[in-house]
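# Task: produce atomic coordinates for the following.
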Amino acid sequence: MSVELRHLRVFIAVCEARSFTDAAMRMTVSQPVVSRTVKQLEEAVGAELIDRSTGEARPTEAGSVLLDHARAAVAKFDHALSSARSLSRPLLLGYTWSMLDSRILSTVETWESAHPLHPIVTRRCDDRLAGLGDGSTDVALVRERPTGLPGRPDDAYRSLTLLSEDRYVALPRDHPLSERTVLRLDDLATEVFVDNTMSGTVPSGLWPPGGGPQRRLPVETFEDWTFAIAAGRGIGLTPASTAALRPHPSLAFVALAEVPPVDLHLAWRAGSDHPALAAFTSHMKRAFTPSASSP
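This next block holds a predicted model:
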C-alpha cells in the first residue's frame, strides 16, 4: 500500500489529540475512518504506531520517529501549496467614476494575455484612494496622488501619472447652458455645484480666491451625483471620460475651458507583497509613456 498525505495528516491528528474520537472531530470525519486510516499506515510501515493499551492514544517508539518526519513532510507540502497559490493570485484594481476607458481596458487585456496567473479583478470604490486605504485593492486608479495615511509617513504610497483629461461641465439636458459648446468658470458662478465629497475630481483651488460656487450640494457617490444633476438640482464638473463612457439621457456635457486638466494616477501601497505588482506597474508605465518616435 502506498502512503498518502492524508495518512500522515490523520496520524498527526491522533497523536496531537491523544484520542481517535477527538482526532475525528478535528478532521470532521468519522471515528472508524480515522482508525482505518491509521491501521493502513501501520501496515505500510510494518510496525504499530499508536499505543492503544491505555486510555490515551500515544505514539509508540516507531510512531514517535515517524511523527517528526510526518510533521516535516506535511509542513513542506503545505508551504509548497501556499507558494503555488500565491503565484496564481488576482490583482485587485480599484477605481472611481469612469476611469476604465478603452485605453485602460486594452492595457489590462494585454496584461492578462501575458500574465494568466494574475488576472485583473476590478473594484469600483467611492473613496479617493479607491480601496488602497483599507487594503481592499492592490493597486488603484486615482485622481489625486496619495499623500500618506494617518499616523504613517507620506511615503506610504507610490504612484505614477498615466494621463491627463480635459474637464467638462455636466448639466441637466434642459439647462440654458447645455446648448453652449464651451463654458468657463465665470459662467457657473450662480449655479448650485453638486460636490462629490468622497471621490470627486474637483480640487479646492480650481477657482480663484473668493470665486468659488456660492451654493454647494454635497453627495457621496457617483450615482447620487448623476441623479442630483439629472433632477435639476445643480451642475457638476467631471473628466472627459465621464462624458464619453457614462452618457445619460437627462444630462448634457459641455467642455470647460481655461482650467487645468484632470490627471489620472496609478497608485499602490509601499511595501505591498503582491508578487505581480512590480511587473504590473512597469507594464502600465510602458503602455502610457509616449514613444520616443511619437510626434
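
# number of nearby residues for the residue nearest to P203 when sequence neighbours are not counted?
Nearest non-adjacent residue to P203, counting by C-beta to C-beta, 6 or more residues apart in numbering: E144, 7.7 Å away. Using the backbone N, CA and C atoms, a C-beta is placed for each residue, glycine as well. Residues within reach of E144, counting by other C-beta atoms under 10 Å, total 16.

# What helix or strand is E144 located in?
Assigned by DSSP states H and E, E144 belongs to no helix or strand.

# try S64
Counting by DSSP H and E, S64 is part of helix 61-87.

# hmm, back to that, quickly note the distance from the residue nearest to P203 to V262.
When distance is defined by C-beta to C-beta, to the nearest Å, E144 is 10 Å away from V262.

# wait, Y95 sits on C125?
Yes: using C-beta atoms under 8 Å, Y95 makes contact with C125 at a distance of 7.3 Å.

# shared neighbours, these two?
Common contacts of Y95 and C125 (C-beta atoms under 8 Å, 6 or more residues apart in numbering): A140.

# For the helix holding S64, name the packing helices and strands.
helix 5-17 (3 or more C-beta pairs under 8 Å, 6 or more residues apart in numbering; DSSP states H and E).

# which residue ranges form the helices in the stretch 51-200 of the chain?
61-87, 102-114 (DSSP state H, counting those that start in this stretch).

# From what I see, S199 and D127 are in contact.
Yes: using C-beta under 8 Å, S199 is in contact with D127, at 5.8 Å.

# Overlap in contacts, the two.
T96.

# So between the two, which is more surrounded?
S199 (22 against 17).

# ok, now which ones touch the residue nearest to that one when sequence neighbours are not counted?
Leaving aside its sequence neighbours, S199 sits nearest to T96 (C-beta to C-beta, 6+ apart; 4.1 Å). Listed by C-beta under 8 Å, 6+ apart, the contact set of T96 reads R124, C125, D126, D127, R128, A130, L141, V142, R143, S199, F222.

# same question, L188
V169, P213, I235.

# What about the first one, how many residues nearby?
In other words, V169. With other C-beta under 10 Å as criterion, V169 counts 26.

# So which residue is smack in the middle of the protein?
Nearest residue to the geometric centre of the chain (C-alpha atoms, centre = their mean): T137, 2.2 Å.
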